[in-house]
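>>> for reference, the sequence and a predicted model appear below.
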Amino acid sequence: MPRLRKAAATSAKYAVPVLLAARLVGPRAKAVYHGATVERRARAAALSHAESARQGAILEVRREGMRTWVVFSEGTAAAAYPPVADLPAVVAGANLNKKVTPERFRAHLAERSVPGRALASVDGGLSRWRRARRRQ
């Protein structure tokens, strides 16, 4: 019963500020979440398209505050995710040396992930330990 009383007192104390904060921050947070979801889906679609294309590669282009992923097939721009009206204009201002194959991109993501970094640090520690053991 004391827990229930404490919960009721806490909710009565903080209900109004929480509701006001939700009204103020809610739409902005929703827009940020929506933008992140759109970017994540666009990246997944671009990777899938590049894997199925002949000599497929992807290029990340920042445009109007959002990421646009351009898919290349045999060196020419094939599509953009999210779709854009003028694909040549998007590619014209981009550094084409940053094109990456889907395999290299996924490997890069795996290296940046927490388990990937942990594995790399363990491997580095093991190799240092083995070198120290050989010297003895």
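On my side now, so go ahead. Numbers count the residues shown, from 1 in each chain.

>>> list the helices and strands the longest helix along the chain packs on?
Under DSSP state H, the helix in the chain containing the largest number of residues is helix 2-52. Packing partners of helix 2-52 (3 or more CB pairs under 8 Å, 6 or more residues apart in numbering; DSSP states H and E): strand 56-63, strand 66-73, strand 76-81, helix 102-112. Yep, even glycine has a C-beta here, placed from its N, CA and C like the rest.

>>> any idea which residue is closest to the centre of the chain?
Note on the chain: the residue nearest the mean C-alpha position is R40, at 6.0 Å, using CA atoms, centre = their mean.

>>> from R106, how far off is that residue?
In this view, R40 and R106 are 14 Å apart by CB to CB, to the nearest Å.

>>> try G56
G56 is 13 Å from R106, where distance means CB to CB.

>>> okay, these two: which has more neighbours?
Higher neighbour count among G56 and R106: G56, with 21 against 13, using other CB atoms under 10 Å.

>>> show me the chain divided up by domain.
Using automatic domain parsing, the domain parsing of the chain gives 2-100, 101-136.

>>> and the nearest residue to V70 once chain neighbours are set aside, what does it touch?
Spatially, and ignoring its direct neighbours in sequence, V70 is nearest to L59 (4.6 Å; CB to CB, 6 or more residues apart in numbering). Listed by CB atoms under 8 Å, 6 or more residues apart in numbering, the contact set of L59 reads W69, V70, F72, V91, A94, L96, K98, K99, V100.

>>> could you report the neighbour count for R23?
9.

>>> can you give me the distance of the nearest residue to G93 once chain neighbours are set aside to V18?
Leaving aside its sequence neighbours, G93 sits nearest to V61 (CB to CB, 6+ apart; 7.8 Å). As judged by CB to CB, V61 and V18 stand 40 Å apart.

>>> between the two, which has more neighbouring residues?
V61 (17 against 11).

>>> tell me the contacts of the more buried one?
By CB under 8 Å, 6+ apart, the contact set of V61 is R67, T68, W69, V70, V90, V91, G93, A94.

>>> give me that answer again for 6 Å
Contact analysis of V61 by CB atoms under 6 Å, 6 or more residues apart in numbering lists T68, V70, V90, A94.
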